[in-house]
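> following is a predicted model, sequence given first.
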Amino acid sequence: MQKQNNTHFFIAVPIDEYNKEIINKWILINKENLPFKSWVHPEDYHITLAFLGHVEETEKLEKLKLILHETTSVYSPFQMHIKGIDTFGKKEHPRILWISLEESEALADLQQKVYNVCKDIGIHLDSKPFRPHITIARKWISEDNFIKPIDHEEHFKKDTNSLYVEQINLYQTHLNRAPKYEVKDNFPFLNKEKRE
């Protein structure tokens, strides 16, 4: 029963294969000079819209899936762009290294819709402001201070395609395996007539 309590869910935008490769290319170039404790598996790259935590009631999850399918059915695919890298935590010894994204009204609107759907069915969510990102590494372990590579924005500006968002996924976390995020359901944007 304790194992069930460690089951967490979240809703996120998946990252396409091309942009996963571009992110990995930058990591391979810079990883040796960036001593983080752990690096995220490429299959686990995503942009979190809502972290649900542990959701016990199967009925509540099923209701969430139903409403999300209805919500995304009227959405149109849209594009975003990777900007560079940034960190959370202390500037000199960050706890998270992440990929930053250029501002997107479409993404902000989508996140607010997902947030409201979750709240309306009684799922408690973090009230922190939405800051879209793709986590790639955790916990700086060097005694030296972290210095952001100077080429990061040029690399992503030169090589990345647009991130084409055409669905969101419901993920389940499995802490003791890699990749550790399992897609439990996906919610495609079905309004193909209007693309942003």
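Perfect, thanks for sending it.

> going forward, measure contacts and count neighbours with C-alpha atoms only.
OK.

> quick one: the residue nearest in space to the middle of the chain from residue 82, how far?
Centre of the chain computed as the mean C-alpha position; nearest residue by CA atoms, centre = their mean is residue 47, 1.9 Å away. Distance, residue 47 to residue 82, using CA to CA, to the nearest Å: 12 Å.

> those helices in the protein, which residues are they?
Taking DSSP state H to define them, one finds helices in the chain at 2-5, 17-30, 58-72, 105-120, 152-159.

> can you report how many residues lie near residue 70?
When neighbours are counted by other CA atoms under 10 Å, residue 70 registers 15.

> now do the contacts for the residue nearest to residue 88 when sequence neighbours are not counted.
Of all residues not flanking residue 88 in the chain, residue 96 sits nearest, at 5.1 Å (CA to CA, 6 or more residues apart in numbering). By CA atoms under 8 Å, 6 or more residues apart in numbering, the contact set of residue 96 is 87-89, 135-140.

> which residues of the protein score low on pLDDT?
1-6, 158-161, 193-196 (pLDDT under 70).

> switch the cut-off to 90
Applying pLDDT under 90 to the chain flags the ranges 1-7, 54-59, 82-84, 124, 126-128, 148-163, 175-176, 191-196.

> which residues in it form strands?
All strands of the chain, identified by DSSP state E, fall at 9-14, 36-39, 46-53, 78-80, 82-89, 94-101, 133-140, 163-165, 167-173, 181-188.
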